[in-house]
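> Below are the sequence and a predicted model for it; my questions follow.
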Amino acid sequence: MNDPGLEEPAQEAAQDVENNVQQADDEEREYLDPSQWWFASTASPLIAGTFGPMANAFSICALVEKWRVYIPSGSDEAHGTKISDPKWLIAVNSISLVFALAANISLLLNMSRRLTFAIAQPITIIGFYLASFLLIALVAVASTSVFRIQPIQEHALSQAYYYGLMAAGIYFIIASLMGFTAVGAYKGHYAKEFRLTPSQRTLMLQTISFMAYLLLGALVFSTVEGWMFLDGVFWADFTLLTVGLGGEFVPKTHSGRALLFPYAIGGLLMVGLVVGSIRSLILEHGKQKMAARFMEVKRQKVLSSIDEDERTISIGPFEKIEFSQKGLSETQRREQEFHVMRRVQELSERKRRYTALAISTAAALMLWFLGALVFMFSEKPQGFSYFVSLYFAYTSLLTLGYGDFTVNSNAGKAFFVFWSLLAVPTLTILISNMGDTVIKAFKDFTIWIGSLTVLPAEEGLGTALRVGMQRIKAGKIGQGEKGYWKEQSNASDHSTEDRLAAHIEEEELGKAEEAGEHGDYLERDIRFYHFVLAKEVRQLMKDVDVSPPKQYKYHEWQYYLRLLDQDENDPSHHRKPKVESGHDDGEAPDIGTADDRQKREWSWLGIRSPLMGNQKEAQWLLQRLAAKLEAEMRKQSSHDERKKKEKPPISMAELRKRGSGNTEEESRRLQEGVWSTGARQRVKKEG
């Protein structure tokens with residue numbers, strides 16, 4: 001009989017374990033995949049899920065207002081008279097919106113796993129392409145003389161036309177990206193599904209919610225304040241993004257000002273939610289993929305630089321250290337490889353950070369300069385020079401919103417909405433990358449300066465200066481000193497023994513003695529091993545959530561691998577590192593498989609090293625130790641079942657009484673008892 005309420009949580013836990021295993025397998029498959037297939041499997045769906053709802057909102061804007069504006073004498077296009085559109089334009093525009101909505105709904109259902117990949121992908125791709133082609137046809141016709149009002153000086157195109165133009169371009173790009181995703185899936189580079197986390201899947205819902213909130217706010221305030229709907233969209237955009245351009249579009253009625261209080265607060269919360277999701281999704285997942293590629297390239301380059309004659313290895317352009325496996329013990333060779341691999345990690349991570357900073361900086365500068373170029377052409381009637389456009393774009397990007405310059409043209413208003421929404425993820429990524437590099441360096445520098453001046457360190461001025469010099473040297477390892485690896489290895493051995501001895505408590509000794517009284521010394525040793533595994537699992541659970549991720553020293557790895565039956569002194573599990581990863585395209589590489597279950601030879605500098613892969617070191621160890629503990633408990637359970645069917649164990653006193661008449665089995669137990677007692681006393685004394 002099952003306890004009420006326990007069966008369902010147990011099933012959920014089992015499902016979570018299965019999902020985690022599947023996710024780990026997927027991460028291993030994509031770890032060394034070519035970048036284009038990672039982009040197709042992960043980045044393309046994220047881009048489509050983010051910009052699809054935005055394009056739908058632009059399509060709605062293109063449908064609700066007329067496309068032509070008559071400019072009376074002494075007025076401008078922003079205050080002209082709208083001219084009714086032909087019925088065929090409204091019909092084609094409506095059909096385009098229907099196709100786009102169907103494609104977006106299909107994409108959403110696919111992300112939420114309510115619709116299969118094989119059904120959803122054709123609907124999404126074809127729907128977006130049809131919506132794009134129909135809008136492109138309308139935009140092309142609207143640009144001809146047939147659609148214009150004569151004379152030409154009295155004709156202008158409304159904001160709706162420009163929203164339709166932008167929606168057509170976004171639909172085409174999204175459809176092409178999703179086609180790229182489908183090609184990769186059907187070629188077998190990844191599963192026929194989106195490899196997205198639950199938080200990644202919710203990004204599309206968050207974008208839909210934000211765009212709906214913006215459009216509904218525009219509808220309400222345009223009605224209350226007497227604006228045109230698309231002017232309300234322009235106002236809602238620079239309000240929710242806290243740009244605050246001011247000018248003509250500000251709430252002037254008591255109702256509008258009262259409604260602004262809840263609307264602006266709600267908008268800030270939604271913008272913060274979207275920004276947080278973009279940061280966590282794009283930065284974290286993209287960072288993992290970039291770090292994987294950089295580390296693999298660096299690893300191969302370092303291995304290719306080994307000079308057998310000079311016994312050196314090149315870690316960097318100006319960093320060459322002694323590297324020779326001759327005359328060293330197995331543990332010393334392994335530790336040498338470990339420290340080189342750790343240095344490879346550091347250098348590749350540094351390169352990734354600054355490469356990401358360079359890319360995000362280039363994207364932000366491009367957004368600034370190209371946006372200013374568009375504003376210069378769209379605001380010619382106001383006499384915007386390129387410098388003024390740069391000034392306006394800069395103050396808008398930083399949400400300063402002085403209000404001394406603003407856009408008045410229909411093209412400028414529509415483009416500003418799209419441009420400002422595009423600026424949100426761009427600046428979010430830039431600021432985050434600056435936090436990992438420039439801001440962190442400045443923070444460390446100010447702390448170091450403080451330790452030299454007003455906030456002296458406890459160790460003194462000399463220590464602070466030495467720390468600064470070490471940071472300037474970028475932490476070079478080895479230094480080519482004789483006996484370096486030998487000294488480190490001896491320290492590692494002592495650390496491993498001390499850590500094992502530290503787990504021996506009086507409670508455990510009592511249980512050991514109790515087991516020993518019955519002559520079952522093997523049982524005592526097994527229970528102590530289980531206790532150590534459980535205690536280390538508990539400690540690793542704390543380390544998993546540490547920020548920044550914890551990196552273990554070699555003697556700690558040596559200790560954990562020993563618990564996993566991977567003795568660093570045993571060369572049978574080891575091999576020389578290989579430059580190439582040695583896996584076929586589409587086949588999962590053996591990333592980080594240095595554990596007892598795989599039974600494969602590996603090297604710290606090889607692809608199977610625990611330091612490779614997207615997993616944190618604590619997470620890698622936690623999974624292996626937990627699996628080892630589970631296997632040991634199952635083995636113990638089987639052992640207990642067998643013992644029930646056997647005769648009860650003979651006590652130590654009874655064995656001694658029997659003297660020379662011992663059976664072979666009894667003699668073996670006596671020998672084990674003597675060995676275990678001596679080992680216990682030695683460990684207790686050392687502990």
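Received, thanks.

> Val233 is in what secondary structure piece?
According to DSSP states H and E, Val233 maps onto helix 229-240.

> got the buried residues for the helix or strand following that helix?
Once the chain leaves helix 229-240, the next helix or strand it forms, by DSSP H and E, is helix 254-278. Buried positions in helix 254-278, judged by neighbour count with 16 or more other Cβ atoms under 10 Å: 256, 259-260, 263, 267, 270-271, 274-275, 277-278. (Each C-beta comes from the backbone N, C-alpha and C, glycine too.)

> next one: stretch 82-96
For stretch 82-96, burial by neighbour count (16+ other Cβ under 10 Å) applies to 85, 89, 92-93, 96.

> follow-up on the earlier one: output the contacting helices and strands for the helix holding Val233.
helix 44-64, helix 159-186, helix 198-225, helix 254-278, helix 410-436 (3 or more Cβ pairs under 8 Å, 6 or more residues apart in numbering; DSSP states H and E).

> now the shortest one and helix 159-186, what's the angle there?
So that's helix 44-64. Following axes from the mean of the first three to the mean of the last three Cα atoms, to 10 degrees, one obtains 150 degrees for the angle between helix 44-64 and helix 159-186.

> okay, now the spatially closest residue to Ala100 that is not a sequence neighbour: neighbour count?
Nearest residue to Ala100, sequence neighbours excluded (Cβ to Cβ, 6 or more residues apart in numbering): Ala131, at 3.8 Å. Close neighbours of Ala131, defined as other Cβ atoms under 10 Å, add up to 30.

> which one in the buried residues of helix 254-278 is the model shakiest on?
Lowest pLDDT within these is found at Ile278 (75).

> now that one: how far from Gln206?
To Gln206, Ile278 is 9 Å away according to Cβ to Cβ, to the nearest Å.

> do Lys326 as well
Relative to Gln206, and taking Cβ to Cβ, Lys326 is found at 59 Å.

> one step back: as a markdown table, the buried residues of helix 254-278 with distance to Tyr391 would be great.
Listed next are the buried residues of helix 254-278 as a markdown table, based on distance: Cβ to Cβ, whole Å:
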| residue | distance to Tyr391 |
| --- | --- |
| Gly256 | 29 |
| Leu259 | 32 |
| Leu260 | 27 |
| Tyr263 | 29 |
| Gly267 | 26 |
| Met270 | 29 |
| Val271 | 24 |
| Val274 | 28 |
| Val275 | 25 |
| Ser277 | 32 |
| Ile278 | 27 |
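
> Confirm that Lys82 sits in a strand.
Yes - assigned with DSSP: H, G, I helix; E, B strand; the rest coil, Lys82 falls within a strand.

> which residues sit in contact with it?
Listed by Cβ atoms under 8 Å, 6 or more residues apart in numbering, the contact set of Lys82 reads 65-66, 68-70, 158.

> That one and Val183: what is the separation?
Using Cβ to Cβ, Lys82 is found at 44 Å from Val183.

> shouldn't Met54 be in contact with Met204?
No - at 10.8 Å, Met54 and Met204 do not qualify as touching, with contact defined as Cβ atoms under 8 Å.

> where in the stretch 501-650 of the chain is pLDDT low?
Scanning the stretch 501-650 of the chain for pLDDT under 70 picks out 501-525, 580-592, 595-599, 639-640, 642-650.

> let's go with 50 and repeat that
Residue ranges of the stretch 501-650 of the chain with pLDDT under 50: 506, 509, 584-588.

> ranges for the helices of it?
For the stretch 501-650 of the chain, the helices defined by DSSP state H, counting those that start in this stretch cover 506-517, 521-544, 554-563, 617-645.

> what's downstream of the longest helix belonging to the chain, the next helix or strand?
Longest helix in the chain by number of residues (criterion: DSSP state H): helix 330-378. Next helix or strand after helix 330-378 toward the C-terminus (DSSP H and E): helix 386-397.

> Off-centre distance for that following helix?
Centroid separation for helix 386-397 versus its chain: 33 Å, with Cα atoms, centre = their mean, to the nearest Å.

> Can you tell me what sits against that helix?
Here helix 386-397 makes contact (Cβ under 8 Å, 6+ apart) with 238, 243, 245, 364, 367-369, 371-373, 375-376, 379, 384, 401-402, 405-407, 416, 420, 423, 427.

> Of those, grab the buried ones for ChimeraX.
Those of these that count as buried under 16+ other Cβ under 10 Å are selected in ChimeraX with:
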select :238,243,245,364,367,368,371,372,375,376,379,384,401,405,406,407,416,420,423,427
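
> The residue nearest to Ala100 in helix, strand or coil?
For Ala131, the secondary-structure state derived from three-state DSSP is helix.

> I'd guessed it sits against Ser59; true?
Yes - using Cβ under 8 Å, Ala131 is in contact with Ser59, at 7.2 Å.

> what do those two both touch?
Common neighbours of Ala131 and Ser59, counting by Cβ under 8 Å, 6+ apart, are 96-97, 100, 167.

> how close does Leu240 sit to Met211?
11 Å.

> Apologies, that question was intended for Leu370.
For Leu370, the distance to Met211 - Cβ to Cβ - is 23 Å.

> Ok, Leu622 next?
Leu622 is 41 Å from Met211, where distance means Cβ to Cβ.

> swap in Gln636?
Distance from Gln636 to Met211, counting by Cβ to Cβ: 58 Å.

> out of these two, which sits in the busier spot?
A count of neighbours by other Cβ under 10 Å puts Met211 above the other of Gln636 and Met211, at 20 against 15.

> Give the closest residue to the more buried one in space, chain neighbours not counted.
Among residues not flanking Met211 along the chain, Ala57 sits closest, at 4.2 Å (Cβ to Cβ, 6+ apart).

> mind checking pLDDT for the nearest residue to Asn614 once chain neighbours are set aside?
Residue nearest to Asn614 in three dimensions, not counting chain neighbours: Gln288, with 4.6 Å by Cβ to Cβ, 6+ apart. Gln288 carries a pLDDT score of 73 in this model.

> Can you name the helix or strand that Gln288 falls in?
helix 286-304.

> just to revisit the earlier point, of the helices and strands packed on helix 229-240, which is nearest Leu564?
helix 198-225 (31.1 Å; Cβ to Cβ).

> Averaged pLDDT, that closest one. What do you get?
The average pLDDT within helix 198-225 is 89.

> what angle sits between it and helix 44-64?
Interaxial angle, helix 198-225 versus helix 44-64 (the same axes, to 10 degrees): 20 degrees.

> Quick check: buried residues in helix 198-225?
In terms of neighbour count (16+ other Cβ under 10 Å), helix 198-225 has its buried residues at 200-204, 206-208, 210-211, 213-215, 217-218, 220-222, 224-225.

> same deal with stretch 385-402?
Of all the residues in stretch 385-402, those buried under the rule 16+ other Cβ under 10 Å are 388-393, 395-397, 401.

> Nearest to Leu563 among those?
Leu397 (53.1 Å).

> For burial, what's the neighbour tally of Arg575?
As a burial measure, Arg575 scores 13 neighbours (other Cβ under 10 Å).

> show me the contacts for the closest residue to it other than its chain neighbours.
Leaving aside its chain neighbours, Arg575 sits nearest to Glu601 (4.0 Å; criterion: Cβ to Cβ, 6+ apart). By Cβ under 8 Å, 6+ apart, the contact set of Glu601 is 572-575.

> Give me the neighbour count for Arg68.
Applying other Cβ under 10 Å, we find 22 residues neighbouring Arg68.

> Quickly note the distance from the spatially closest residue to it that is not a sequence neighbour to Phe528.
Excluding the flanking residues, the one nearest Arg68 by Cβ to Cβ, 6+ apart is Ile83, at 4.1 Å. Applying Cβ to Cβ, the value for Ile83 to Phe528 is 88 Å.
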